[in-house]
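Enquirer: what follows is a protein structure lacking sequence information:
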């Protein structure tokens, strides 16, 4: 039986089960997406009904103005499909750093061709999903034709200065129930393959371990490998990654303004609560991000400390 993640973390340091300092506010704009990926932990699809509305976006924009230096990490679903995406970006202009997490294929959807130029105008950092550099692997995981559309989107972003003067990062995640290998070796392989075959450039590759929740958990349970995968994550627990888990410096906001320690907790409905058990929302961000506040942890968190560690900005240790 797997030891609870919280107990495992406490054995390394009790500090690691507590919030440190707010550095990143991650906004999940909802479950609407032009794709339906098998590994998606939020269950996003073209039928997604959870969409952050303008009142929440306006509230977030006002709060962000009062927190100098904070990074905004904008995700989904497909965040660009939120009808208020442009409004959010324009309202937060001047923020220290804004990252949009794109699946790349949205850039070629009818009606969304304006996005690359808008990204450039707003100086957004782009973190793009490309789970492999091989066409057959990408299409198997994300649908036929996805690789070709992704390459075309990356080419357009390169033409606009992404990968050189503007930040363009790629995200790798395993195609099944295993842990990513060396991030540096994978980055080297991606860089060579994409440059040699397509003449493409990017800044960094981030490796992301699949969390055993959502559609991926259903996949694991369907083939009887959930327990084996959990044991794998637990057995590869890396205490050197524990100090850097992203939930110590990040707060996630869902489409209704509810706060979570990370996007994975959001996906399973494990919100941040106050001292009386009340669910905290964006208006209580200061209370949720109080230094020393105990984190809300569960066993899926093992995915963040396995091997080199995993986070929205990749591996946690070299």
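Expert: Looks like it came in fine. These numbers come from a predicted model, not from an experiment. Residues are numbered from 1 along each chain as shown.
Enquirer: for residue 298, what are its contacts?
Expert: 5, 265, 268, 270 (CB atoms under 8 Å, 6 or more residues apart in numbering). The C-beta positions use only the backbone N, C-alpha and C, and glycine is treated the same way.
Enquirer: greatest separation within those: which pair is it?
Expert: Maximum pairwise distance among these (CB to CB): 13.2 Å, between 5 and 268.
Enquirer: so for these two, which residue has more residues nearby?
Expert: residue 5 (23 against 15; other CB atoms under 10 Å).
Enquirer: phi and psi next, for the more buried one.
Expert: phi -60, psi -40 (degrees, to the nearest 10).
Enquirer: could you do residue 228 as well?
Expert: Here residue 228 shows phi and psi, under degrees, to the nearest 10, equal to phi -60, psi -40.
Enquirer: so how many other residues sit close to it?
Expert: 12.
Enquirer: hang on, it packs against residue 212?
Expert: No: if you go by CB atoms under 8 Å, residue 228 and residue 212 don't touch, sitting 10.6 Å apart.
Enquirer: what's near enough to touch residue 134?
Expert: Taking CB under 8 Å, 6+ apart as the test, what residue 134 contacts is 147, 193.
Enquirer: measure it to residue 127 for me?
Expert: 20 Å (CB to CB, to the nearest Å).
Enquirer: need the residues touching each of residue 5 and residue 268.
Expert: In contact with both residue 5 and residue 268: 298, 300, using CB under 8 Å, 6+ apart.
Enquirer: in the chain, where is pLDDT below threshold?
Expert: Residue ranges of the chain with pLDDT under 70: 1.
Enquirer: name the element the residue located most distally from the centre of the chain belongs to?
Expert: Distance from the C-alpha centroid of the chain, by CA atoms, centre = their mean, peaks at residue 276 (29.8 Å). Using DSSP states H and E, residue 276 maps to neither a helix nor a strand.
Enquirer: quick check: phi and psi at it.
Expert: Torsion angles, degrees, to the nearest 10, at residue 276: phi -100, psi 10.
Enquirer: got it, and residue 247?
Expert: According to degrees, to the nearest 10, residue 247 has phi -70, psi -10.
Enquirer: in contact with it, which residues?
Expert: Counting by CB under 8 Å, 6+ apart, the residues that residue 247 touches are 19, 261, 262, 265, 295, 297, 301, 304.
Enquirer: do a quick rundown of the helices in the stretch 151-300 of the chain.
Expert: 183-198, 214-222, 226-235, 239-242, 263-268, 285-288 (DSSP state H, counting those that start in this stretch).
Enquirer: sorry, back to before: switch the contacts of residue 298 over to JSON lines; also include distance to residue 248.
Expert: What follows is the contacts of residue 298, written out as JSON lines (distance: CB to CB, whole Å):
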{"residue": "5", "distance to residue 248": "14"}
{"residue": "265", "distance to residue 248": "13"}
{"residue": "268", "distance to residue 248": "19"}
{"residue": "270", "distance to residue 248": "16"}
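Enquirer: pretty sure residue 26 sits in a strand.
Expert: Yes: Residue 26: assigned to a strand according to DSSP: H, G, I helix; E, B strand; the rest coil.
Enquirer: how near is residue 279 to residue 31?
Expert: From residue 279 to residue 31 the distance is 19 Å (CB to CB).
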